[in-house]
Each structure stands twice: as C-alpha cells, then as structure tokens.
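J.: only geometry, no sequence info:
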C-alpha cells in the first residue's frame, strides 16, 4: 500500500524540529492554490515562513508587512510562505483574498511545525538561510521595520 504524496511528505517532516544552525528537513506541503511547496522552492533562497491564524489581529497586521516583503523581494533570492493554523481552506482563502495576501499559503501546519518549530505561538516567523539551515524563530508580531529588515538576509533586495 502506498500513501498519498501529501501524507508521505507530512510523515517525512515528523523528524525533530531543526535547532538554529541545523539543516531543516523541508516537508512537501500543499498550497491553497493546489500547488506544492517544499525543498525545491526553498533551495538556494532565504526562506521566511510565518505561522498565523485568520482570527488573530496581530497576525493580520504582521501579514500585511509580510505581503509587502513578498512583493518587493527578489523571488530568486527570497521565498515567503504563510502557514495558516486552520483546517478550513475556503475560510483561509476568503480571508487571504480580503486582506490582499498574494504570498503562498498552506494549511499543512503540523508538517511545517515539525520541521521548523513546535511553538504554537502566533504569529511565529521562522527564517532559514540559503543553505537550508535554521537561522531564527521569532515569536510574536513584528513591526513593518522588523519584517522589512529581513531583506538584509538576501543578496539582492529588489525584484528584477
């Protein structure tokens, strides 16, 4: 018996979360648009992953800053992923549309948490370097200045 690809990716992610400086075992996760996101999308790029919820007012403000970062950063050097801690895809899609989020979003929070951080605090921002090593786990809402400061991690700050 074979498991569906999504289940295999999620199962593979259940290794212990990476500690700062350690390699991240990226799971393959399904995005709201039906595409997948995983090691290939993170390879060679800084990754910024934010765990959030549609009911969290702090997340709403935080994600507006994340959206700005996503729009101005060079996608060849920076990958952004939102991880919604919900199970209702329609609700999350509606919320993302209403808020103007265009960054990729997954509901596969268990797999991503297993790979990045078991902390359940939201928003929770995780950064991973271009070699796939965990840089930092930042708890709580970040200011626009702090989120935009993540651009210093990428070799080129603007989209081409």
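T.: Structure's in. What do you need? All values derive from a computational prediction rather than experimental measurement.
J.: next, the nearest residue to residue 87 once chain neighbours are set aside: phi, psi?
T.: Distances taken as Cβ to Cβ, 6 or more residues apart in numbering put residue 107 closest to residue 87, at 6.4 Å, once the chain neighbours are dropped. C-beta coordinates here come from the backbone N, C-alpha and C atoms, glycine included. Here is the backbone geometry of residue 107 (degrees, to the nearest 10): phi -100, psi 0.
J.: name the residue closest to the centre of the chain, please.
T.: Most central in the chain under Cα atoms, centre = their mean is residue 49, positioned 2.4 Å from the mean C-alpha point.
J.: correct me if wrong, but that residue is in a strand.
T.: Yes: counting by DSSP: H, G, I helix; E, B strand; the rest coil, residue 49 falls inside a strand.
J.: would you agree the residue nearest to residue 87 is in contact with residue 84?
T.: Yes: under the contact definition of Cβ atoms under 8 Å, residue 107 touches residue 84, with a separation of 5.5 Å.
J.: overlap in contacts, those two.
T.: Shared contacts of residue 107 and residue 84, defined by Cβ atoms under 8 Å, 6 or more residues apart in numbering, comprise residue 92.
J.: averaging pLDDT per element, find the lowest-scoring helix or strand in the chain.
T.: The weakest-scoring helix or strand in the chain, judged by mean pLDDT, DSSP states H and E, is helix 5-12 (a mean of 36).
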